[in-house]
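1. Attaching a predicted model along with its sequence, questions to come.
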Amino acid sequence: MKNILFQKDLITVDNLNRDNVHLIFEKAEEMEKLVGKRGGNDSLKGRIMAALFFEPSSRTFSSFITSMQRLGGGIIPLNGMANTSIAKGETLEDTAKVFSSYADIIVMRHPTGGAAGIAAKFAEIPVVNAGDGINEHPSQALIDLFTIKQAFKRLNNLHILMIGDLAHYRPTNSLAKLLVNYPGIKMSFATPEEVSLPDNVRKYLKEHNISFEEYNEFDNLLPKVDVLYVTRVKKEYMSEELYHKVQGSYVVDRKLISKMKKNSIIMHCLPRVGEIDSEIDGDPRSIFMTKQVRNGMYVRMAILDLILRNQ
Ligand code: CP
């Protein structure tokens, strides 16, 4: 299959079709085997990744860093911009141009929706969106889809329930958009009224003729769903007043998951702040702290390798 990711930006999942996703997943499976056998290789030796994180991150930042290192590449790791010239007022445009001279790829997280796309316009090297405001988080959605595929050995005919603050949660925006590519997918969304699904995602699903339902309560859906995707209330994107209103609305605990099917899975791309009780961490359906986290590295290794090497 032609590597259409080569030297391309990854800003949104909108242009990713099933073939593109399949290519990334095949490569991610290769990466999982590679890490298991040898820890890594030198396929990206001599290449440099600039990780420009204008917003806090543990997983996305570290997994992109370790992905590059496991493939023999170098890194410019900037997690927080307080000690960079951004703090002196340098523009996003100039930053993108400058790092194009030092690196072969930019991975960027930014609090403003559309920021990665702007950086991509000015950069002379590929830009990967590592989360832009409340807009998208494409690599996380690919990780989540890969994890679902591993669990069910398929991506069609599944019922996925996403719960929590979906108004501000970029990974579920990207995941919902990716899921439209698979037949028989049913999506349900349960949120407090004030933080319901963004209009642009609703519109995207309607345009793709996807049937979906929105709720405020979800207990009676639990016996039917294959995937329960839990999200954090994104305090950093809302007023104190709204945060106190919606925080704690949903807490997934042992009692709730007792209603779920034996072969269902519970996902969360983390960090969690109270919405999943740690009493369910040991349940075999809880894969958020194990497979979902580890897949972050394999999928990001795949993304970097496919963007940086024509193969
Ligand atoms: N899942 C995720 O994006 O986590 P971080 O914010 O820690 O990168």
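-> Now that the structure is in, tell me what you want to look at.
2. quick one: whatever residue of the stretch 201-311 of the chain ends up closest to the ligand from Ser101, how far?
-> Minimum separation of the stretch 201-311 of the chain from the ligand (C-beta to the nearest ligand atom) falls at Cys269, amounting to 3.8 Å. No exception for glycine: its C-beta is placed from N, CA and C like everyone else's. Counting by C-beta to C-beta, to the nearest Å, the separation of Cys269 from Ser101 is 33 Å.
3. what about these two, which has more around it?
-> Cys269 (26 against 8; other C-beta atoms under 10 Å).
4. Can you give me the distance of that one to Gly164?
-> 11 Å.
5. Same question for Glu207.
-> Distance, Glu207 to Gly164, by C-beta to C-beta: 24 Å.
6. Secondary structure element for the residue nearest the centre of the chain, which one?
-> Nearest to the mean C-alpha position of the chain, counting by C-alpha atoms, centre = their mean, stands Gln140 at 1.5 Å. Assigned by DSSP states H and E, Gln140 belongs to helix 138-152.
7. any residue of that helix up close to the ligand?
-> Yes. Residues of helix 138-152 contacting the ligand under C-beta under 6 Å from any ligand atom: Gln140.
8. Report the next helix or strand after that helix in sequence order.
-> strand 159-163.
9. Okay, angle between that next one and helix 138-152 too, please.
-> Relative orientation of strand 159-163 and helix 138-152, computed by axes from the mean of the first three to the mean of the last three C-alpha atoms, to 10 degrees: 130 degrees.
10. just to revisit the earlier point, surely the residue nearest to the centre of the chain is in contact with Thr60?
-> Yes. Gln140 lies in contact with Thr60 (C-beta atoms under 8 Å); the separation is 6.9 Å.
11. Which residue does the stretch 101-250 of the chain have closest to the ligand?
-> At 5.3 Å from the ligand, Gln140 is the closest residue in the stretch 101-250 of the chain, using C-beta to the nearest ligand atom.
12. Can you name the residues that contact that residue?
-> 60, 131, 170-171, 174-175, 269, 296 (C-beta atoms under 8 Å, 6 or more residues apart in numbering).
13. Columns distance to Ile276 on top of these, output as a markdown table?
-> Output for those, formatted as a markdown table (distance: C-beta to C-beta, whole Å):
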| residue | distance to Ile276 |
| --- | --- |
| Thr60 | 19 |
| Gly131 | 20 |
| Arg170 | 19 |
| Pro171 | 15 |
| Ser174 | 21 |
| Leu175 | 17 |
| Cys269 | 12 |
| Gly296 | 17 |
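14. Of the residues you listed - the most surrounded one?
-> Neighbour max across the contacts of Gln140 (other C-beta under 10 Å) = Leu175, 29 neighbours.
15. Might one say that that residue is in contact with Phe146?
-> No. Using C-beta under 8 Å, Leu175 is not in contact with Phe146, being 11.0 Å away.
16. where's Glu90 relative to the ligand, distance?
-> Between Glu90 and the ligand the computed distance is 23 Å (C-beta to the nearest ligand atom, to the nearest Å).
17. before we move on, the earlier item: Asp144 is in contact with the residue of the stretch 201-311 of the chain closest to the ligand, correct?
-> Yes. Shown here, Cys269 and Asp144 form a contact pair, counting by C-beta under 8 Å, at 6.5 Å.
18. okay, and the common contacts of those two?
-> Common contacts of Cys269 and Asp144 (C-beta under 8 Å, 6+ apart): 171, 292.
19. joint contacts of Gln140 and Thr60?
-> Residues touching both Gln140 and Thr60 by C-beta under 8 Å, 6+ apart: 131, 296.
20. which parts of this structure sit against the ligand?
-> Close to the ligand, as judged by C-beta under 6 Å from any ligand atom, the chain has residues 57-61, 131, 140, 269-271.
21. For my notes, confirm Lys2 occurs in a helix.
-> No. Under DSSP: H, G, I helix; E, B strand; the rest coil, Lys2 falls outside any helix and is assigned coil.
22. where does it land on pLDDT?
-> With respect to pLDDT, Lys2 scores 87.
23. Would you report the backbone torsion angles of it?
-> Main-chain torsions, Lys2, degrees, to the nearest 10: phi -60, psi 140.
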